[in-house]
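**Q** okay, sequence plus prediction incoming.
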Amino acid sequence: MFSGVRHLRGAGRACVLAVIAGAGFLASSSLAQGPALAMLDRLEPGLWEVRARDDADTVQICVDNGRKLIQVRHRGEACRRFVIDDSATMVTVQYTCPAGGYGHTRVRFENPRLAQLETQGIDNGLPFNFIAEARRLGPCGR
């Protein structure tokens, strides 16, 4: 009888140690990753031009942080975001907006003044899909 109790205590101890080790691993790996979407923080604030590659369509956006490049088609909307990929050179984000639009955007870092965008989704009930270059032009006008 005592040997069975001792065995259960040993198994319980092993379980507790496994949980503690797993929690330590998760904590250390989340610390190593840094803040979410940190690549976008490396883009310089200012006036940015987003130029679609397949046509002459351009949009100018005053960017206070690179996260604004995620929602080029849904600027100013408070959309819920889900980060799909978050690395030092590229982020991919899926977002859904309360007004019914949504998007899927990939931003690739070239340098602090240049990024490549791929975005697609629905805006005002119509689909969009484009590849663009985003380039910092200078400071935002007042």
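**A** On my side now, so go ahead. All of these numbers come straight from a predicted model, not from anything done at the bench.
**Q** next structured bit after the lowest-mean-pLDDT helix or strand in the chain?
**A** Ranked by mean pLDDT, DSSP states H and E, the helix or strand of the chain with the weakest confidence is helix 2-33, at a mean of 42. Per DSSP states H and E, helix 2-33 leads on to helix 38-41 as the next helix or strand towards the C-terminus.
**Q** could you point out which element follows that next one?
**A** As the chain continues past helix 38-41, the following element, by DSSP H and E, is strand 46-52.
**Q** chain center to that next one, what's the gap?
**A** Going by C-alpha atoms, centre = their mean, to the nearest Å, the spacing between the C-alpha centre of strand 46-52 and its chain's C-alpha centre is 19 Å.
**Q** kindly report the same for stretch 86-98.
**A** The chain centre lies 3 Å from the centre of stretch 86-98; the measure is C-alpha atoms, centre = their mean.
**Q** quick check: mean pLDDT of that stretch?
**A** Averaging pLDDT along stretch 86-98 yields 95.
**Q** using CSV, list the CA coordinates for that stretch.
**A** The C-alpha trace of stretch 86-98 is given here as CSV (Å, rounded to 0.1, in the frame of the first residue of the first chain):
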residue,chain,number,x,y,z
ASP,A,86,6.2,38.4,-36.8
SER,A,87,9.9,38.3,-37.6
ALA,A,88,12.7,40.8,-37.8
THR,A,89,12.2,41.5,-41.5
MET,A,90,8.5,40.7,-42.2
VAL,A,91,5.1,40.8,-40.4
THR,A,92,1.8,39.3,-41.6
VAL,A,93,-1.4,40.4,-40.0
GLN,A,94,-5.0,39.4,-40.5
TYR,A,95,-7.6,42.0,-39.4
THR,A,96,-11.4,42.4,-39.2
CYS,A,97,-13.2,45.7,-38.9
PRO,A,98,-16.5,46.4,-37.2
